[in-house]
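Build me a model from this:
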Amino acid sequence: WADYLDWAVRAFRLSTSTVKDETQIHTHMCYSEFHDIIDSISALDADVISIETSRSHGELIGSFEAYTYDKGIGLGVYDIHSPRMPSVGEIGSMIDRALRVLDPAQFWINPDCGLKTRKYEETVAALRNMVEATELARKKYAVKA
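You can find the predicted model right below:
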């Protein structure tokens, strides 16, 4: 396991080593036991990691209570695999929960994963709710876009 993780970190860093300093590197991770590999994820040196959070009902947030992550974190605030429309309040609750352990300056608000499993109308409606919840959170936590 350690050899694989070391190899994965080296491969990721090699693949991103030629980008300009001003290029922001993002990576996405779905459904991992994040707390088991958090040191390796940090070693990737990606500027922002996006992680599934909503589908697991925020279980992952607990990892950040035990480990201080010093880079940007995009925790998914709604499950794109479900046709159920998340309310602004529901998304806001997920944001509030994350901000109990994360610095608002490092927090990115996004859906769990890509949006390819949803129809256009569902996607737009859910993203509108996500944007509204984000705007409310920015006011609540005095965070500028």
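
Would you verify that residue 108 is located in a strand?
Yes - counting by DSSP: H, G, I helix; E, B strand; the rest coil, residue 108 is part of a strand.

How about it: what's its closest non-neighbour residue?
Excluding its sequence neighbours, the residue lying closest to residue 108 (Cβ to Cβ, 6 or more residues apart in numbering) is residue 74, at 3.5 Å. In short, each C-beta sits where N, CA and C put it, glycine included.

need the contact list for residue 16.
By Cβ atoms under 8 Å, 6 or more residues apart in numbering, the contact set of residue 16 is 25, 45-46.

Try it again at 6 Å.
Taking Cβ atoms under 6 Å, 6 or more residues apart in numbering, we find residue 16 in contact with residue 25.

ditto for residue 35
Shown in contact with residue 35 (Cβ under 6 Å, 6+ apart): residue 63.

count of neighbours near the nearest residue to residue 109 once chain neighbours are set aside?
Excluding its sequence neighbours, the residue lying closest to residue 109 (Cβ to Cβ, 6+ apart) is residue 134, at 4.8 Å. By other Cβ atoms under 10 Å, 20 other residues sit near residue 134.
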